[in-house]
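A.B. asks: For reference, the sequence and a predicted model appear below.
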Amino acid sequence: MNPTVYLVDDDPGVLTAVTRLLTSDGLATCPCSTTRAFLDAYDASMAGCVVLDLSMPGMNGLELQALLRERGVGCPVIFLSGCGDIPTSVRAMKAGAIDFLTKPVDGATLLDAVRRGISLDEEVRRSRVDQHDAQALLDTLTPREREVVPYLLAARLNKQIAADLGVAEKTVKVHRSRILHKLGVRSLVDLVHFMERVERQAGTPPSWGPPASPTPRFASNAR
């Protein structure tokens, strides 16, 4: 589905003008004259961004921005206001807005901000998908294979892992082969990169810990 730009402004003239500008550039829009209309129309499954007026009857732009954060809605917000001041714009940006534009706005400037907002949202969504896919691969590992992973990351030799776990060396070789196959990686270097990517995306290390007396995470002579 195409990204959608939500326009929230109580001025019909502004809604019409901005809608025409964005649609002429091939963008799908959803104009809303109130924050309530936006909340009713917003579809979290679709990528996009919000172009939001600051001063509106009822819930204003900053209040809507705060509500979206409380609900965990990460849709990028671009403020477009005719009455903004420096303290207000700073407050909006600190709360996560990607831009604060004033009316009347240059069309190219607004289009650039909208494009950045859409790109940011799509990037975040791709990251979530990648993280989900990586976690799905990790979930295919057996408990014993998950136990072996930290030893591989620490570049422990097969015979060392076997001694620590009390199993045969050939059993460790089988576990290692299956781990690489299940995670779709070809080598220990790839395994290290895979786990580093998972940690970056999740913001936390995996649930398992390092083996006792770990050696450096990777050594070229690991077998």
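C.D. replies: Thanks, I have it.

A.B. asks: measure Asp40 to Val167 for me?
C.D. replies: Distance of Asp40 to Val167, given as C-beta to C-beta, to the nearest Å: 59 Å. (Glycine included, C-beta is placed from N, CA and C.)

A.B. asks: looking at it, Thr4 is touching Val50, isn't it?
C.D. replies: No - Thr4 lies out of contact with Val50 (C-beta atoms under 8 Å); the separation is 9.7 Å.

A.B. asks: Show me which of the two is the more surrounded one.
C.D. replies: Counted by other C-beta atoms under 10 Å, Thr4 and Val50 do not tie: Val50 has more neighbours, with 27 against 20.

A.B. asks: Mind listing residues that contact the helix or strand where the more buried one lies?
C.D. replies: Element membership of Val50, judged by DSSP states H and E, is strand 48-52. For strand 48-52, contacts defined as C-beta atoms under 8 Å, 6 or more residues apart in numbering pick out 3-9, 18, 28, 38, 61, 64-65, 68, 75-80, 98, 110, 114, 117-118, 120-121.

A.B. asks: and these, which are buried?
C.D. replies: Among the contacts of strand 48-52, those buried by neighbour count (16 or more other C-beta atoms under 10 Å) are 3-9, 18, 38, 61, 64-65, 68, 75-80, 98, 110, 114, 117-118, 120-121.

A.B. asks: Run through this protein and note the low-pLDDT ranges.
C.D. replies: The model of the chain has pLDDT under 70 over residues 1, 129, 201-223.

A.B. asks: 50 - rerun?
C.D. replies: 210, 212-223 (pLDDT under 50).

A.B. asks: For it, which segments count as strands?
C.D. replies: 4-8, 28-32, 48-52, 77-81, 99-102 (DSSP state E).

A.B. asks: among these, which is nearest Val174?
C.D. replies: strand 48-52 (47.6 Å; C-beta to C-beta).
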